[in-house]
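# The sequence isn't on hand, but the structure is:
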């Protein structure tokens, strides 16, 4: 029986390129000269760290970073979990943006329920941080893909690992 997986993986190379590009733009801007404004990526913990001299500057850094990220990988800013802004020293501030990897259990349950309620002849099963969908025909699986893509727009979901 044909099957495929819904998953949500981060393209770390594209993300690193976007952060490097945003860092170069920050260095080149005149209003950031002589400030502590910078963007860092911790690949191991999957956290983007923003450093700035004020909350206003922090928002300006986001205005530079997010379009760069969207250029490299569409909808990738939807997977960011914004942590609270922290005062570091003096007026300086820091904010961590955690990168969500994989489909969380709540969203996976929502996908399974959506497919069951649609009356399509497919079976959906949660497997770790992915959802495996199996069906008798490819056409039914393609209908399932389009249904989920239309219904879930608040988190980037990819489909792949197609097996016949």
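In hand now; what should we look at? Fair warning: this is a prediction, and the values are worked out from it, not measured in the lab.

# Tell me where the chain has strands.
3-7, 38-42, 47-52, 80-82, 86-87, 93-99, 122-127, 130-135, 158-163 (DSSP state E).

# so what are the domain limits for the protein?
3-8+102-163, 12-99 (automatic domain parsing).

# From the centroid of this structure, which residue is nearest?
The centroid of the chain falls nearest to residue 79 when counting by C-alpha atoms, centre = their mean (2.8 Å).

# Make sure that residue is actually in contact with residue 99.
Yes: using C-beta atoms under 8 Å, residue 79 makes contact with residue 99 at a distance of 6.1 Å. (Glycine included, C-beta is placed from N, CA and C.)

# Now the common contact residues for the two.
When contacts are counted by C-beta atoms under 8 Å, 6 or more residues apart in numbering, the set common to residue 79 and residue 99 consists of residue 10.

# Just put the domains of the chain in TSV and tack on mean pLDDT.
Shown next, in TSV, are the domains of the chain (pLDDT from 0 to 100):
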stretch	mean pLDDT
domain 3-8+102-163	88
domain 12-99	90
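
# burial count for residue 97?
Neighbourhood size, residue 97 [other C-beta atoms under 10 Å]: 20.

# partner residues bridging it?
When assigned by DSSP bridges, residue 97 has beta-bridge partners residue 48, residue 82.

# got the contact list for it?
The contact partners of residue 97, by C-beta under 8 Å, 6+ apart, come to 47, 48, 49, 50, 80, 81, 82, 83.

# Reformat the residues you listed as a markdown table; add neighbour count and distance to residue 21.
A markdown table is the format used below for those (neighbours: other C-beta atoms under 10 Å; distance: C-beta to C-beta, whole Å):
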| residue | neighbour count | distance to residue 21 |
| --- | --- | --- |
| 47 | 16 | 19 |
| 48 | 20 | 13 |
| 49 | 16 | 17 |
| 50 | 23 | 15 |
| 80 | 18 | 17 |
| 81 | 10 | 22 |
| 82 | 11 | 21 |
| 83 | 13 | 23 |
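
# Reformat these as CSV; add distance to residue 159.
Formatted as CSV, these follow (distance: C-beta to C-beta, whole Å):
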residue, distance to residue 159
47, 27
48, 26
49, 32
50, 32
80, 22
81, 23
82, 27
83, 30
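
# OK, contacts around residue 26?
Neighbours of residue 26 in contact, by C-beta under 8 Å, 6+ apart: 32, 37, 38, 39, 61, 64.
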